[in-house]
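Asks: Based on what follows, work out the 3D shape:
(chains A and B, ligands or ions: 1)
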Amino acid sequence: MGKTLTEKILSNKSGVDAKAGDIVIVPADLVFTHDISGPLTITQFKESGLGKLANPKSTPIFLDHCAPSPRLELANDQKVLRTFAQEFGCPLYQVGDGICHQLVVEDWANPGDIVLGGDSHTCTIGGLGAFATGMGSTDIAVAMALGKTWLRVPETFLVKITGKFPRGVYSKDLILHLIGLLGAEGATYKALEFGGDTIRTMTMSQRFTVANMAVEAGAKVGLFPADEINRAYLETHGRGDRFQSLLPDPDAIYEKVVEIDARKLGPMVAQPHSVDNVVPVSKVAGTKVDQVFIGSCTNARLEDLAVAASILNGKKGHPQTRLIIVPASRTVYREALDKGYIKIFINAGAAVLNPGCAACAGIHQGILAKDKMCLSTTNRNFKGRMGNPESFVYLASPATAAASAITGEITSPEKCLS
Amino acid sequence: MLKTMLKGKAIRFGDDISTDLIAPGRYTHLRSNLPELAKHAFEDADPNFTARVQQGDFVIAGKNFGLGSSREQAPRVIKMNGVSAVIAKSVGRIFFRNAINIGLPVLIADTENISDGDELEVDLASGTLRNLSTGDRLKFGKLPSVMIQILDEGGLIPYVKKFGDFKFQD
Ligand code: SF4
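Replies: Here you go, the predicted model:
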């Protein structure tokens, strides 16, 4: 019987014929944690009495969520992580290196891998064809120690995308549209696998944006097949030898097939306070924007910054609107500098901050005041997400964000693109 | 071994209660200070929660309870406030695992007719809930066997302390 990508990876790794619904135990190729899920992970690891890490060299720790630390309590948490990394020989990513998921795709993950992260957006890494899923601190602590975890093999929804994106429409608009369609719990416990002719030309950066938000429909993973574009990406990152082609069987069994015609999509936004509250930009155009945030593991890669730069080039941000731009990693930052994007942003009046999560999780660097609104390229707009339950977050693509930063109100990017 | 007969009153929430509503991100600096963080449980969903919750009470919710971030502090602060179980129409995947891992039972049932303040009695062994205030009886879905085995030990840490590895029985 044919297998989905999920069943292929989990069969291969567990050594049993894994079918949807089975419980399997799989070895982990990479287990990671960061500065806010990490301290509890370490407490749990110590409490478990298991004593050692199965593979310290592939147990990286990232300082990204509150980096540099805005508070003494968080500084103390980071100290715990630094000490642990040193004592156990884990790679430590410093303040300013960037966001965990971005660094994992740049430096670690390969098609067919099992990646377990102490963060719900670990599904980003599925863009590379790795079975990557987020877990809480205790699961991660045990996976670090035992080098494996248990998983229920999820049923799969195939999302088949056909046709070319119209001008001004990006992979963020596609994933927002899909979440609107499925609903915030529409794919709970499921795997989302992407197929159709559109994905064959999607860049890795676009795939990561889509996979990143699989969890916003409740999914366990968001998986792309591994093809030549994937191979080229791994080659640029020095891991060409780790490439393997990974495709679902033609007779794989899906619980559901969702078809999307990319030609019919327009720029989309998710309105407060839920990610599935999705409407075309045109429906909310003109809404006043107090802050624009271009950042996060969803949309702060070089391509995202390139689109924003093409719109902001030679323009000024609206005087009533703050513009915060945060590259996803140090590499992205350096490349954006080389290409002149950072200069464009600074000239447009943006605050460009060091790579990291920044305003995304409401801890620092862009907490909103009462009644204020942020148009953000991030992945969550839950009440309180940006640090204040009396504020509002709208989600959109970097193009929509950049266009709106100029006008000070929600604006469709189509007319700003040269 | 887990207590199998639970009794308490219902504290009612609606649909889509995210982990940001259970353990707000603005208190991230308290994540290593759980007793303090627990004082802010559900603050943005029900500001009176910590004042009115009593030992043994149930958190009753609609669909997709605990969606969002993987923060394990969410089930922890619920448990630390004395809640004996979460009963919801459906729950977010990571929250589900996290709750079981720390020994907080999560039960899936049609909670539509449970009102705030109802007196409830839950029998984990038989999978039934009695609403003493209305006389209703509900069946809840069976947990996957792996989760029952973890819960039986009081969570994943006590489980691995005892077995040293995953030793699940079919
Ligand atoms: S950028 Fe936002 S969503 Fe991504 S890992 Fe950081 S806090 Fe989480």
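Asks: Tell me how many other residues crowd residue 8.
Replies: If you meant another chain, say so; for now it's chain A. A:Lys8 has 20 neighbours, counted by other Cβ atoms under 10 Å in any protein chain shown. Any C-beta I mention is one placed from the backbone N, CA and C, and that applies to glycine too.
Asks: actually it's chain B I care about, not the one you picked
Replies: Around B:Gly8 there are 20 residues (other Cβ under 10 Å).
Asks: What sits closest to it if chain neighbours are left out?
Replies: B:Gly56 (3.6 Å; Cβ to Cβ, 6 or more residues apart in numbering or on different chains).
Asks: same thing with A:Glu259?
Replies: Distances taken as Cβ to Cβ, 6+ apart place A:Lys160 nearest to A:Glu259, at 5.0 Å, with adjacent residues excluded.
Asks: For that neighbour, which residues are in contact?
Replies: By Cβ atoms under 8 Å, 6 or more residues apart in numbering or on different chains, the contact list for A:Lys160 reads A:Gly195, A:Gly196, A:Val257, A:Val258, A:Glu259, A:Ile260.
Asks: try A:Lys8
Replies: Applying Cβ under 8 Å, 6+ apart, the residues near A:Lys8 are A:Leu246, A:Pro248, A:Asp249.
Asks: Just the buried subset of those, written out for ChimeraX, thanks.
Replies: Typed into ChimeraX, the line below selects the buried ones among the contacts of A:Lys8, using 16 or more other Cβ atoms under 10 Å in any protein chain shown:
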select /A:246,248
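Asks: Chain B: which of the contacts of A:Lys8 is nearest?
Replies: Proximity to chain B was ranked across the contacts of A:Lys8 by Cβ to the nearest Cβ; first place goes to A:Pro248, at 21.8 Å.
Asks: Surely the closest one touches A:Phe194?
Replies: No. A:Pro248 lies out of contact with A:Phe194 (Cβ atoms under 8 Å); the separation is 10.2 Å.
Asks: Now for those two: what residues contact both?
Replies: Contacts common to A:Pro248 and A:Phe194, judged by Cβ under 8 Å, 6+ apart, are A:Leu158, A:Pro225.
Asks: Can you report how many residues lie near the residue nearest to A:Lys288 when sequence neighbours are not counted?
Replies: Counting by Cβ to Cβ, 6+ apart, A:Lys288 lies nearest to A:Glu409, which is 5.4 Å off, once chain neighbours are set aside. The tally of other residues near A:Glu409 (other Cβ under 10 Å) stands at 17.
Asks: next one: A:Gly349
Replies: 16.
Asks: List the residues that contact it.
Replies: A:Gly349 touches A:Lys316, A:Gly317, A:Leu323, counting by Cβ under 8 Å, 6+ apart.
Asks: Let me know whether my guess that it is in a strand holds.
Replies: No. Applying DSSP: H, G, I helix; E, B strand; the rest coil, one finds A:Gly349 to be coil, outside a strand.
Asks: before we move on, the earlier item: let's have the contacts of A:Gly349 in a markdown table, adding neighbour count and pLDDT.
Replies: Listed next are those as a markdown table, based on neighbours: other Cβ atoms under 10 Å in any protein chain shown; pLDDT from 0 to 100:
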| residue | neighbour count | pLDDT |
| --- | --- | --- |
| A:Lys316 | 12 | 98 |
| A:Gly317 | 22 | 98 |
| A:Leu323 | 25 | 98 |
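Asks: and which of those is nearest to A:Gly126?
Replies: Using Cβ to Cβ, A:Leu323 comes nearest to A:Gly126 of the contacts of A:Gly349, at 30.5 Å.
Asks: Secondary structure element holding the closest one?
Replies: Element membership of A:Leu323, judged by DSSP states H and E, is strand A:322-325.
Asks: Could I get the CA-only coordinates of that strand as PDB?
Replies: The C-alpha trace of strand A:322-325 is given here as PDB (Å, rounded to 0.1, in the frame of the first residue of the first chain):
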ATOM      1  CA  ARG A 322       6.600  52.600  13.700                       C
ATOM      2  CA  LEU A 323       8.400  50.200  11.500                       C
ATOM      3  CA  ILE A 324      10.400  47.400  13.200                       C
ATOM      4  CA  ILE A 325      12.500  45.000  11.000                       C
END
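Asks: quick one: strands adjacent to it?
Replies: Using DSSP bridges, the strands paired with strand A:322-325 in its sheet are strand A:291-294 (parallel), strand A:351-352 (parallel).
Asks: Check which element follows it along the chain.
Replies: Following strand A:322-325 toward the C-terminus (DSSP H and E): helix A:330-338.
Asks: and that following helix, how far out from the chain's middle?
Replies: On the basis of Cα atoms, centre = their mean, to the nearest Å, helix A:330-338 sits 19 Å off its chain's mean C-alpha point.
Asks: in it, what counts as buried?
Replies: Neighbour-count burial for helix A:330-338 [16+ other Cβ under 10 Å]: A:Arg330, A:Thr331, A:Val332, A:Tyr333, A:Glu335, A:Ala336.
Asks: ok, so of those residues, who is nearest the ligand?
Replies: Closest approach to the ligand among these (Cβ to the nearest ligand atom): A:Val332, at 12.8 Å.
Asks: Can you tell me the closest non-neighbouring residue to that closest one?
Replies: Leaving aside its sequence neighbours, A:Val332 sits nearest to A:Leu302 (Cβ to Cβ, 6+ apart; 5.3 Å).
Asks: And A:Leu368, by the same measure?
Replies: Closest residue to A:Leu368 apart from its sequence neighbours, by Cβ to Cβ, 6+ apart: A:Ser391 at 3.5 Å.
Asks: From the ligand, how far off is that neighbour?
Replies: Plainly put, A:Ser391 is 16 Å away from the ligand if you go by Cβ to the nearest ligand atom, to the nearest Å.
Asks: What number of residues are in the vicinity of that residue?
Replies: Other residues near A:Ser391 come to 23 when the count uses other Cβ under 10 Å.
Asks: List the contacts of it.
Replies: Going by Cβ under 8 Å, 6+ apart, A:Ser391 touches A:Leu368, A:Ala369, A:Lys370, A:Asp371, A:Lys372, A:Met373, A:Cys374.
Asks: Which one of those residues is nearest to A:Thr124?
Replies: For the contacts of A:Ser391, the nearest to A:Thr124 is A:Cys374 (21.3 Å; Cβ to Cβ).
Asks: three-state assignment of the closest one?
Replies: What three-state DSSP gives for A:Cys374 is strand.
Asks: what does the model give it for pLDDT?
Replies: pLDDT, A:Cys374: 98.
Asks: what's near enough to touch it?
Replies: Each residue near A:Cys374 by Cβ under 8 Å, 6+ apart is listed here: A:289-293, A:359, A:366, A:368, A:386, A:391-394.
Asks: Which one of the residues you listed is nearest to chain B?
Replies: Among the contacts of A:Cys374, and counting by Cβ to the nearest Cβ, the member closest to chain B is A:Met386, at 8.2 Å.
Asks: That closest one and the ligand, how far apart?
Replies: Relative to the ligand, and taking Cβ to the nearest ligand atom, A:Met386 is found at 10 Å.
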